[in-house]
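Below is the structure, and that's it, no one-letter string:
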């Protein structure tokens, strides 16, 4: 045996040398230190120097119950000692069974079948494959296409990336899975029509889905994938009546409605599943992130009995799976996390405080750089504009300088971890842990106000 590997004392430098970070311009750390986060407690995280940051993005829309929950770590340790791993390929284990039953209990309508994955992108991939095979099993083999919205993000696997509506994210990997088509999203701030009439705008946006189905041919469209509140572009909530009209359209043309709730489920909007917030029942829910509050990775596609039925007959098999799907440790952590939700009333806490969060962020409207504050629950985006009256946005070059060159770094320097993003229009996104209260909202508003005020003075 060789000598044991020496433990590096310079984690930041070693991170640059060996850790290929996700969605990261690695060159930006060639001469700058990589931030190294070592600890979390409540709504805060701490770096290796001991500096404290408010976690204004709940990790990545994940840490619902907050950092440092000992009982979640204990649930993982207990399960790992009892049964660390066994696959759910033709076998079951108690925690996967119990979690599947619990998710089915929370889900609306007849969504009673739970197919576990390891994360959100895999859940979306699962849903598209499931939709394709479902239509083949029910005598509609030409139905394979998917409709989703412009600027929407649905994941990184080849199928999920095809469903994603962000051309710049897809270009390096094309050609992708064929059959994914796009319709307008629900950004009423930049509505081409009916910008002053939310109901009319919602009807128009939903009708674009029908037009796309008709254009492609109803006998070729398998599913529509929609987030309850669209993430990329900056938290677009649905207009009144939008999802009710989409449900009608899907039923008319035998198209499955997939509610992509990887971000929005598990309390982000104040309900266990976000479709309940807006009063619609999908055919499939994709979910992940908040199911364990991030303490262990897991995802799922929750499927209606109607869609599952042909797979439960004869020799039919859904030829799909993941080694770590429904992992015993992750399932145990998810159950303990959902216990916290129920015991501490986290969903109700969000419903009780969402107006205060919105109201606090809305104070930023007095800044000339803030065009729109939008979202739902504990999930908000602040759109930045060059001209408030005309809604003129920043150019790509200006976004580079404004967001990446200043705002993103300055927010972090000032003690706020969140997301400054220009996938679509430039926005600052905020999604703090669900345990947040008015003091959290105030701290977020004050830091964002200071940074955006300085950013405007540099334009």
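Cool, the structure landed. These numbers were taken from a predicted model, which means no experiment stands behind them.

Give me the buried stretch members for the longest helix along the chain, please.
Determined from DSSP state H, the single longest helix within the chain is helix 438-458. Within helix 438-458, the residues that qualify as buried are 440-441, 443-445, 447-448, 451-452, 455, counting by 16 or more other Cβ atoms under 10 Å. Any C-beta I mention is one placed from the backbone N, CA and C, and that applies to glycine too.

For the stretch 351-459 of the chain, which segments count as strands?
Using DSSP state E, counting those that start in this stretch, the strands found in the stretch 351-459 of the chain span residues 370-376, 379-384, 416-417, 419-421, 427-430.

Check those strands for me: which has the lowest mean pLDDT.
Among the strands of the stretch 351-459 of the chain, strand 419-421 has the lowest mean pLDDT, at a mean of 88.

Show me the contact partners of that one.
With contacts defined as Cβ atoms under 8 Å, 6 or more residues apart in numbering, strand 419-421 is touched by 57, 232, 234, 403-404, 407-408, 411, 426-429.

cutoff 7 Å now
With contacts defined as Cβ atoms under 7 Å, 6 or more residues apart in numbering, strand 419-421 is touched by 57, 403, 407-408, 411, 427-429.

got it, and stretch 364-372?
By Cβ under 7 Å, 6+ apart, stretch 364-372 touches 189, 373, 382-385, 388, 391, 445, 448-449, 452-453, 455-456.

from the residues you listed, which is closest to residue 49?
The shortest approach to residue 49 among the contacts of stretch 364-372 belongs to residue 448, at 23.2 Å (Cβ to Cβ).

Distance-wise, check that closest one relative to residue 248.
Distance, residue 448 to residue 248, by Cβ to Cβ, to the nearest Å: 40 Å.

Looking at the strands of the stretch 351-459 of the chain, spot the one closest to residue 14.
Closest approach to residue 14 among the strands of the stretch 351-459 of the chain is made by strand 416-417 (21.5 Å; Cβ to Cβ).

Which strands or helices does the closest one pack on?
Counting contacts by 3 or more Cβ pairs under 7 Å, 6 or more residues apart in numbering; DSSP states H and E, strand 416-417 packs against strand 52-55.

hmm, try it at 10 Å
The helices and strands touching strand 416-417, judged by 3 or more Cβ pairs under 10 Å, 6 or more residues apart in numbering; DSSP states H and E, are strand 52-55, helix 438-458.

Remind me which helix or strand the residue nearest in space to the middle of the chain belongs to.
What sits nearest the mean C-alpha location of the chain, by Cα atoms, centre = their mean, is residue 263, with 2.8 Å. Here residue 263 sits in a region with no helix or strand, counting by DSSP states H and E.

hmm, back to that, okay if I get the helices and strands packed on strand 416-417 as TSV plus distance to residue 202 and mean pLDDT?
Formatted as TSV, those follow (distance: least, Cβ to Cβ, whole Å; pLDDT from 0 to 100):
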stretch	distance to residue 202	mean pLDDT
strand 52-55	33	98
helix 438-458	28	97
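
could you dump these to TSV with distance to residue 127?
Output for these, formatted as TSV (distance: least, Cβ to Cβ, whole Å):
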stretch	distance to residue 127
strand 52-55	29
helix 438-458	33
